[in-house]
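S.K.: generate a structure from the sequence data that follows.
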Amino acid sequence: MDLKPLSYTGRDEGIEVSLRTVIRPGDDASNVSVAIHSLFPDAMIEELPNQSFPNQAYHEIECNHLSFETFLELLRKQAILDTAMDAMGIHLEGNQTTFNISRLAAYAGKIAFTYEEEPLGGTFEIHLEGVGLSDWIEACTWHKGRQNVPRQLHDDSAMDSTGEASTWHQ
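M.R.: Numbering: from 1, shown residues only. From the prediction side, this is the model:
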């Protein structure tokens, strides 16, 4: 029997989702805004000073109280739920975690997790916080393949801190 996965958004589930990024000289603020809205359509972005491209200053964008619904839908479409669970769990401490994703991938409507070096185009830092966060991450990234190959955060099948797989299932 195929069960439909539960729908998770983070909202009304005790999970606070926030995003942070820095617009640097050479970045196009309108493209960064498009990238944010492709993953978090409800994000409220404060008005940035109107500058011509390329801008001349650094500006920080921070969006709070985000819904994780579109983000999770994209993870399912891309079939990267195990990768997402591992990436979200690498820096999990207690009831909070932080991970980075590529802004260029987000601009294209995709999710690409980043590790160590910042990729061309910059990153979004995503912060999750809430009671029972580890259980929530495992649940929101669950897929039917885990019936045959069970997975959990920080198991022997998790990727290492550089994003490389530590093992592969045959």
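S.K.: residue 15 is in contact with residue 68, correct?
M.R.: Yes. Using C-beta atoms under 8 Å, residue 68 makes contact with residue 15 at a distance of 7.1 Å. For the C-beta atoms, the positions are set from N, CA and C on the backbone; glycine is no exception.
S.K.: who touches both of these two?
M.R.: residue 128 (C-beta atoms under 8 Å, 6 or more residues apart in numbering).
S.K.: mind checking how far the nearest residue to residue 99 once chain neighbours are set aside is from residue 102?
M.R.: Spatial nearest neighbour of residue 99, excluding adjacent residues (C-beta to C-beta, 6 or more residues apart in numbering): residue 87 at 5.0 Å. Look at residue 87 and residue 102: by C-beta to C-beta, to the nearest Å, they are 12 Å apart.
S.K.: compare neighbour counts for these two and give me the winner.
M.R.: residue 87 (25 against 21; other C-beta atoms under 10 Å).
S.K.: tell me the secondary structure for the more buried one?
M.R.: helix (DSSP: H, G, I helix; E, B strand; the rest coil).
S.K.: good, we can wrap up now.
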